[in-house]
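K.L.:
For reference, the sequence and a predicted model appear below.
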Amino acid sequence: MKAVEPDELAGAVAALTDGHGVPLVVEASGSPQALVAALGLLAHEGTALVCSWYGTKPVVLPLGAEFHRRRLAIRSTQVSTIPASLSGRWDPTRRREVTRTLLSELPLGALATHEFPFERAPEAYAAVAGAEPDLMHAALRYPS
């Protein structure tokens with residue numbers, strides 16, 4: 001699978017799934033419009049897992065006939081606690097250990113498109129808030 005532009009995503013998903021959609025979409029952009037688009041990518045009885053924090057942004061979702069007819073689900077996540085259904089198998093220590101392992105395996109450096117020295121943090125926040133072109137992630141570099 002290759003990366004595609006957001007406006008090409010629906011077509012790519014349709015082509016890869018013969019028009020059936022995907023069973024799960026993980027929405028982590030923080031953009032209400034992305035959640036709206038995610039619902040259109042789902043297969044019958046698919047789930048949109050929302051990792052985003054929308055803060056005070058209003059989120060208007062199309063929850064009409066298509067949503068109900070296809071039995072779609074929207075599920076929220078919260079990383080500050082372990083879900084009750086998983087607490088018998090997971091605890092904070094195990095979760096931290098697995099996270100550290102995954103962090104070393106993922107190519108996270110490719111996502112950090114902009115790096116700022118810590119003392120220039122206000123510029124980093126301004127770049128994120130201003131939707132600077134080509135900014136995927138702004139990393140703060142702390143003094144050693």
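P.N.:
It's in. Numbers count the residues shown, from 1 in each chain.
K.L.:
Kindly tell me how buried residue 90 is, as a neighbour count.
P.N.:
When neighbours are counted by other Cβ atoms under 10 Å, residue 90 registers 13. (Glycine included, C-beta is placed from N, CA and C.)
K.L.:
ok, the closest residue in space to it that isn't next to it in sequence - contacts?
P.N.:
Excluding its sequence neighbours, the residue lying closest to residue 90 (Cβ to Cβ, 6 or more residues apart in numbering) is residue 82, at 5.1 Å. Shown in contact with residue 82 (Cβ atoms under 8 Å, 6 or more residues apart in numbering): 90, 91, 92, 95.
K.L.:
same thing with residue 125?
P.N.:
With Cβ under 8 Å, 6+ apart, residue 125 has these contacts: residue 138.
K.L.:
Is it located within a helix, as I assumed?
P.N.:
Yes. Per DSSP: H, G, I helix; E, B strand; the rest coil, residue 125 lies within a helix segment.
K.L.:
Quick check: the gap between it and residue 30.
P.N.:
Taking Cβ to Cβ, to the nearest Å as the measure, residue 125 falls 14 Å from residue 30.
K.L.:
Surely residue 66 is in a strand?
P.N.:
No. Assessed with three-state DSSP, residue 66 is helix; it does not lie in a strand.
K.L.:
In a markdown table: the contacts of residue 82, plus pLDDT and distance to residue 46.
P.N.:
Converted to a markdown table, those look like this (pLDDT from 0 to 100; distance: Cβ to Cβ, whole Å):
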| residue | pLDDT | distance to residue 46 |
| --- | --- | --- |
| 90 | 94 | 25 |
| 91 | 93 | 30 |
| 92 | 91 | 30 |
| 95 | 91 | 26 |
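K.L.:
tell me the SS of the residue nearest to residue 90?
P.N.:
Under three-state DSSP, residue 82 comes out as coil.
K.L.:
swap in residue 23?
P.N.:
What three-state DSSP gives for residue 23 is strand.
K.L.:
Just the strands from the protein, written as ranges.
P.N.:
Along the chain, counting by DSSP state E, strands occupy 22-27, 42-50, 73-76, 114-117, 138-141.
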